[in-house]
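Novice: please find the sequence and the predicted model below.
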Amino acid sequence: MSPQSLLGLLPYLVAGWLFLIGLYGIVTSRNLIHTVVSLSVVQSSTYVLLLTVGFRAGATAPVFSDIAPGAIVVDPLVQALALTDVVVGATVSALLLALAVQSHKRSGTLDPDQLRTLSG
Amino acid sequence: MPATALTPVIIGLPIGMAAVLAALGARLPRRVLDATATATAATVTVLAVLLLVATSQGRVVAWAGGWTPHQGVSVGIALVADPFGAGLAVVAAVLSTAVLVFSWRYFQAVEVFFHALVLVFLAAMCGFVLTGDLFDMFVWFELMSAIAYALTGYQIEQAQPLQGAVNFGITNSIGAFATLLGITLLYGRTGALTFAALGATLTGAHPDAVIVVSMALILTGFLVKAAVVPFHFWTADAEAVAPSPVCALFSGIMVELGIYAVARIYWTVYAPVLPVSALRGPLLGFGVLTAVLGAVMCLAQRHIKRLLAFSTISHVGLFLIGVALLSPAGLAGTAVYVLGQAGVKAALFLLAGVIALRLGSVSERDLHGRGRDMPLTAALTIIGGLALAGLPPFATALGKAITEDAAASAGLGWLVAVFIAASSLTGAAVLRMAARVFFGLGAPATAHPIQRSDDRSDDRSDDRSDDRSDDRSDDRSDVVGDDGEQDSGEAEEPSPARAPRTMLIPPVVLLAAALALGMLPGLPATMGVVAAGFTDQPFYAAQVLALPLPGHAALPAPVDWFTTSSLVYGLLSVALAVLIAAAAVLRTRLPGWAVAVADAGRPALRGLRALHSGHIGDYVAWLLVGVVSLGAALGVALR
Amino acid sequence: MTRRVRVVVFAVAAVGMAVLLVWAFAGARPFGTSIHPYGDLAVRAALEQRATANTVASVTFDQRGLDTMGEEFILFAAVLGTSILLRREPDELARTVGEEGTEDRAGSGPTPEMVRLFGYVVLPFVVVVGIYVVAHGHLSPGGGFQGGIVLATGLHLLYIAGDYPALRRLRPQRVFEVSEAAAAASYVLLGLAGLAVTGAFLANVLPYGTLGQLASAGTVPLLNTAVGVEVGSGTVLLLAEFLEQTLVLRERSGRPDTGGSR
């Protein structure tokens, strides 16, 4: 593989890395807050992949206030999708953190090893 | 109202009303709140039925924002109603209405939040089944999820609902992110998001890495939602602790929507590029594993709601098998099965709510013989158990029969054994529970002091580890049952002498509906036609993109109503269920060899139970194993 | 599973996942490709048909406005859900503001004067910027989501400034609950208006105007405003729920029944 194409693969690899390292964080987490933040790391892989897929070499932002119509722009679709993704991330974090706050009140701990009242 | 207006109104009405209710909020008296929310859900039911009727004339395609396609291309989002989509919207609306009616008397201090959330949940489910766009489907999926996490943790005064909701939220979110990664990969490849355009773009393409991996990733989120093994761990945790009416929605329809998504996405997007032979094996594998594991774990439960949750998992496995046949007949059978199961399972969860309200517990052991004065609840529970086992002419039995026939005619006759095993084991679990709770049959619970715990879980976790090291007796209730059967936390009166009528009518209606559907001799043939249309990708794409229609590619599946053999299989499942239930209840009187057989399976069962550890790290590790297995299996099957 | 087993299972799966991902990435279009069929169409539709200079706004509120409605309700549901999950239980007492320890951010000591001053001085500017970002969402980068967040967080400069009582006064939750729900409902109503007038849900019902003018892009600015109010109010409510948690004390002693099991 040429260095050129390897460089072009890099943004994709960053997305893949974020996905897996975030999952590693969740799997080994000892604190629910850390788990929720790790989940955000997993999610950031989707941001990176969306923007990677929508990028166009040499293009500018798809906002035609101060550029001529016909200028080459990056894909506006992925930006709109990423916006939705951001909202999803914020809401999921809010709900999970609320659950973590209450969980800590009930159980006095945030360690998943201690929070295992459900099983079997 | 023109049919194209029905689709957006079905989505817009409930969320709009939810916003209005939330705005008026605390100013509304409880009665007005109940009445408005229920009336809204009932109206959506009517609209969805009208839409279903309209789809008999062909798909109802509505482009949001008026972006109708030009020469087969549009930048908008298509809302596409066909009979399966509209039918599922009807189911969602009926169950939401039933749940809202049930909740009139079930919740004590429920505020506007619950009603608003149920209505938004309904809108999200309708959007999910009516959209013709992959990313839009993801949006409705996430909307469903956000509400579901909050509803699961509704009873914040206890530790378990919070943990169940956390496990649910994290596994589902990871699944959703995997789905989004897959959507993005596929978007980068095709530059399209509408199902129809995606399918058209992929027609004739070579099934390469992007296609295989994007499919595996996209399906991940939906398989998590569908509670397919090994993505399923959240299900039992969440449904053991969520309020019973919420569980009725989860098990009755939400989980099944995951299966719907698998079918929809395969048949509109990937069918032109991934041959049936590549997908059938992997999906069948997941389906059989799910059906068997769910059924075994179901029988092993003593916590009624956890038991029902595992029965849902088992049935989802059967649905996945039906879809995995990738034939119109398999789809038709699954559709009927899903309809039947929705009524039966939702009814059983509502009945669990009645039990919790009356008796203050949902632990089978704890309740031994305490339900003697609840004849109607008992009768309904037994009927539900028999229907779950596949008693003709319930729709569950009909759907099972059609799917079995489809499997046999695909040369996979051995699958019939899986169907009989799964349905009889899950039915047996419910019947055993009914026999113990309502009739006090079998030995009463071994004296295990029931901890009326003061929820300080530092003590609890110690208890738990002791519990773990014990050699568990078969009679040991699962851990949730031991110290967590507090479903009644939110119930109106601690133990009213009679269950309010509004809590018994919904399960009666739902069971009756499941029975009535199975008694329609014309239903299977109609479903055969509908399923053929569902699988006809070129026709779908042309209809949605307003292109000249090609000829029909798929022939209607020849599907029969109950035949002699299917009646025999149905009755066999029921007989087995009754026998297994009887054996479980009368365990002490069994001959020695039978006990020995049961004991032989115990270590394996213990291992299975240990896998369901309640630990989010475990669940996520297994989830990743699932994604990789699916991707690898697809990749290998294509070689 | 023990921790060690769990990590081993994960590691094996992660290696498999990495292989699958690299396989797919290597087959994907190269980074910076010039092939973006949907994007090109969306840009053309935004400029030629809808006079929307910010094409992202055109995609978000016009071409894929249905997604955005769902998205808005995800936030709406999260706010409702968080209020459910963080509702005050009977055994929890709220500290009243003004008691010791509540004037300043809980537990962080007195706020330095410079920070206080900064908070008060910057607040009006941030609010103006927020309104600008919402109002110009169809022209320049930004829009309802971004501007709403700016507005909501701007208000919380008061919290940074250590003046929680002032923040509470500026943030009557009831008002924000109503404005949030009303804004969410108005998005649906605009959609239904489109349905009534043109026969298509969320279809534009206003003249498009001239590209680049404030009054252009049809209903996009209205939808932007609805979302701006919804996101702003929703975020304020979300933050309020969490901030109030620091003011909730649990009644520790004298409870006959400490738990929920009844």
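Specialist: Thanks, I have it. Numbers count the residues shown, from 1 in each chain, chains lettered A, B, ... in the order given.
Novice: show me the strands in the stretch 151-262 of chain C, by range?
Specialist: In the stretch 151-262 of chain C, the strands defined using DSSP state E, counting those that start in this stretch lie at C:248-250.
Novice: who in it is up against chain A?
Specialist: By CB under 8 Å from any CB of the partner chain, the residues of the stretch 151-262 of chain C that approach chain A are C:L211, C:G212, C:L238, C:E241, C:F242, C:Q245, C:R250. (Each C-beta comes from the backbone N, C-alpha and C, glycine too.)
Novice: let me know the closest of those residues to B:L415.
Specialist: Nearest to B:L415 among those is C:L238, at 48.4 Å by CB to CB.
Novice: for the closest one, give its distance to A:L95.
Specialist: Separation of C:L238 from A:L95 (CB to CB, to the nearest Å) stands at 10 Å.
Novice: name the residue in those two with the higher neighbour count.
Specialist: A:L95 (30 against 26; other CB atoms under 10 Å in any protein chain shown).
Novice: what's the span of stretch B:74-94, first residue to last?
Specialist: End-to-end distance of stretch B:74-94: 34 Å, with CA to CA, to the nearest Å as the criterion.
Novice: what's the average pLDDT for it?
Specialist: Per-residue pLDDT over stretch B:74-94 has a mean of 96.
Novice: quick one: is it near chain C?
Specialist: Yes - judged by CB under 8 Å from any CB, stretch B:74-94 and chain C are in contact via B:V75, B:G76, B:I77, B:L79.
Novice: Serialize those residues to a markdown table and add fields for distance to A:L50 and neighbour count.
Specialist: Below are these laid out as a markdown table (distance: CB to CB, whole Å; neighbours: other CB atoms under 10 Å in any protein chain shown):
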| residue | distance to A:L50 | neighbour count |
| --- | --- | --- |
| B:V75 | 17 | 26 |
| B:G76 | 20 | 25 |
| B:I77 | 18 | 27 |
| B:L79 | 24 | 28 |
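Novice: out of those residues, which touch chain A?
Specialist: Counting by CB under 8 Å from any CB, no member of the residues of stretch B:74-94 next to chain C reaches chain A.
Novice: let's check: the centremost residue of the chain is which one?
Specialist: This is for chain A. Centroid-nearest residue in chain A, with CA atoms, centre = their mean: A:S44, separated by 1.7 Å.
Novice: sorry, I should have been clearer: chain C.
Specialist: C:V231 (4.3 Å).
Novice: that one reaches C:T153, doesn't it?
Specialist: No - the criterion here is CB atoms under 8 Å, and C:V231 misses it with C:T153 at 10.9 Å.
Novice: which stretches of chain A have low pLDDT?
Specialist: For chain A, residues meeting the criterion pLDDT under 70 lie at A:1-4.
Novice: scan it for its longest helix.
Specialist: helix A:76-107 (DSSP state H).
Novice: chain center to it, what's the gap?
Specialist: Remark: helix A:76-107 is offset 11 Å from the chain centroid, using CA atoms, centre = their mean, to the nearest Å.
Novice: hmm, that helix in reach of chain B?
Specialist: Yes - using CB under 8 Å from any CB, helix A:76-107 reaches chain B at A:77-78, A:81, A:84-85, A:88, A:91-92, A:95-96, A:98-100, A:102-103, A:106-107.
Novice: residue 14: neighbour count?
Specialist: Here I'm looking at chain A. A:V14 has 15 neighbours, counted by other CB under 10 Å.
Novice: meant chain C actually
Specialist: Around C:A14 there are 21 other residues, counting by other CB under 10 Å.
Novice: got any ranges where the stretch 151-262 of chain C has weak pLDDT?
Specialist: Low-confidence segments of the stretch 151-262 of chain C (pLDDT under 70): C:248-262.
Novice: and the residue of it nearest chain A?
Specialist: C:L238 (5.3 Å; CB to the nearest CB).
Novice: next one: the stretch 51-200 of chain C
Specialist: Closest point on the stretch 51-200 of chain C to chain A, by CB to the nearest CB, is C:A78, at 3.5 Å.
Novice: what is the helix or strand containing that residue packed up against?
Specialist: Assessed by DSSP states H and E, C:A78 sits inside helix C:65-85. With contacts defined as 3 or more CB pairs under 8 Å, 6 or more residues apart in numbering or on different chains; DSSP states H and E, helix C:65-85 has these neighbours: helix A:76-107, helix B:3-24, helix B:112-130, helix B:134-152, helix C:173-198, helix C:220-245.
Novice: returning to what we had before: identify the farthest-apart pair in the residues of the stretch 151-262 of chain C next to chain A.
Specialist: C:L211 and C:R250 (58.2 Å).
Novice: these two: which has the busier surroundings?
Specialist: Applying other CB under 10 Å to C:L211 and C:R250 shows that C:L211 carries more neighbours, namely 19 against 11.
Novice: wait, the more buried one sits on A:A68?
Specialist: No - applying CB under 8 Å as the test, C:L211 and A:A68 come out as separate, 11.8 Å apart.
Novice: contact partners for the residue nearest to the centre of chain C?
Specialist: Listed by CB atoms under 8 Å, 6 or more residues apart in numbering or on different chains, the contact set of C:V231 reads C:E72, C:L75, C:G144, C:F145, C:G147, C:G148, C:I149, C:A152.
Novice: and those, which is closest to A:V27?
Specialist: When those are compared for distance to A:V27 (CB to CB), C:L75 wins out at 29.1 Å.
Novice: burial count for that closest one?
Specialist: Neighbours around C:L75, by other CB under 10 Å: 28.
Novice: got it, and B:Q341?
Specialist: 30.
Novice: right, is the strand or helix carrying it up against chain C?
Specialist: If you go by DSSP H and E, B:Q341 is part of helix B:328-359. No - contact of helix B:328-359 with chain C (CB under 8 Å from any CB) is absent, the minimum separation being 10.7 Å.
Novice: mind listing what the closest residue to B:T203 other than its chain neighbours touches?
Specialist: Setting aside the residues directly before and after it, B:T203 is nearest to B:P272 in space (CB to CB, 6 or more residues apart in numbering or on different chains), at 4.0 Å. Listed by CB under 8 Å, 6+ apart, the contact set of B:P272 reads B:G199, B:A200, B:L202, B:T203, B:G204, B:A205, B:Q537.
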